[in-house]
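# Got a predicted structure plus its sequence, pasted below:
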Amino acid sequence: PIGLVQLVMSTEPQRLKISMLVEQMALVALLLLLLVAFMAWLLGRQLVQPLGLLIGAVQRVQAGDYHSAVTVTAHSELGQLQSGFNAMAQSIRDASAKLRSEVEKTDAHWREALAEVKRQRARADRESQAKSRFVATMSHEIRTPLNGMLGMLALLAEEKLDSAQREYVANLELAAKSLK
């Protein structure tokens, strides 16, 4: 061999560069992770949380609480959805109030009609009782003298009468008996 060349090279600068690159990459990864966490928080605050509140309001309306409303939190499609929900809930409240008013009016009308029917029936019952008393009284008042007349006609029929008089007495008896 002619000679020996020994090359001594230190790996320290490369190791320092690699170490710096790893630190920089870790820092970039940490920054990206922080950015993703911030975006998730922002998405939750701007979208998921309002949607959860809207779902809760929908469930309350389904359960019959028509006074549920949501706060409009954005001017985007989500805000339009929130405004639409509030308008729908207001329409339901208005329709419910109108229906309740109509039911109350109808109920009052039927109560008045029922009261009037009861009054008319009581009046008809009183009139029917008065008519029955009148008919009973008149029947008694007519029968008593009629029986007297029939008795007198029977006595008259036993007397000597010509044929015309007998015919008169027979007609009177027939008329009196038909009234009895």
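Yes, it's here. Just so we're clear, the structure is a prediction, and the values are computed from it rather than from any experiment.
# Could you look up the SS state of residue 110?
Under DSSP: H, G, I helix; E, B strand; the rest coil, residue 110 falls in the helix class.
# can you count the residues close to it?
10 (other CB atoms under 10 Å). Just so you know, the C-beta spots here come from the backbone N, C-alpha and C atoms, and that holds for glycine as well.
# can you check residue 45 too?
Counted with other CB under 10 Å, residues neighbouring residue 45 total 11.
# Likewise for residue 50?
Counted by other CB under 10 Å, the residues lying close to residue 50 total 20.
# quick one, what contacts it?
For residue 50, the contact set (CB atoms under 8 Å, 6 or more residues apart in numbering) comprises 70, 73-74, 78, 82.
# filter those residues to the buried ones?
Neighbour-count burial (16 or more other CB atoms under 10 Å) applied to those gives 70, 73, 78, 82.
# Just checking, which of the contacts of residue 50 comes out lowest on pLDDT?
Note: of the contacts of residue 50, the lowest pLDDT belongs to residue 74, at 74.
# Looking at the buried ones among the contacts of residue 50, which is nearest residue 6?
residue 78 (72.6 Å; CB to CB).
# element containing the closest one?
Secondary structure assignment for residue 78, by DSSP states H and E: helix 77-157.
# name the helices or strands packed onto that helix?
Applying 3 or more CB pairs under 8 Å, 6 or more residues apart in numbering; DSSP states H and E, we find helix 77-157 packed against helix 49-62, helix 163-179.
# among the ones you listed, which is the most enclosed?
Comparing the helices and strands packed on helix 77-157 by mean neighbour count (mean count of other CB atoms under 10 Å), helix 49-62 ranks first with a mean of 14.
# Quick check: residue 110 vs residue 119, distance?
In this view, residue 110 and residue 119 are 15 Å apart by CB to CB, to the nearest Å.
# repeat for residue 137
27 Å.
# swap in residue 6?
Taking CB to CB, one finds residue 6 at 132 Å from residue 119.
# Can you classify residue 23 as helix, strand or coil?
State at residue 23, reduced to three classes by three-state DSSP: helix.
# Likewise for residue 65?
Quick answer, by three-state DSSP: residue 65 is coil.
# I'd like to know how many residues surround it.
Neighbour number of residue 65 under other CB under 10 Å is 11.
# what's near enough to touch the nearest residue to residue 172 once chain neighbours are set aside?
Once flanking residues are discounted, residue 172 sits nearest to residue 153: 5.5 Å by CB to CB, 6 or more residues apart in numbering. Counting by CB under 8 Å, 6+ apart, residue 153 touches 169, 172-173, 176.
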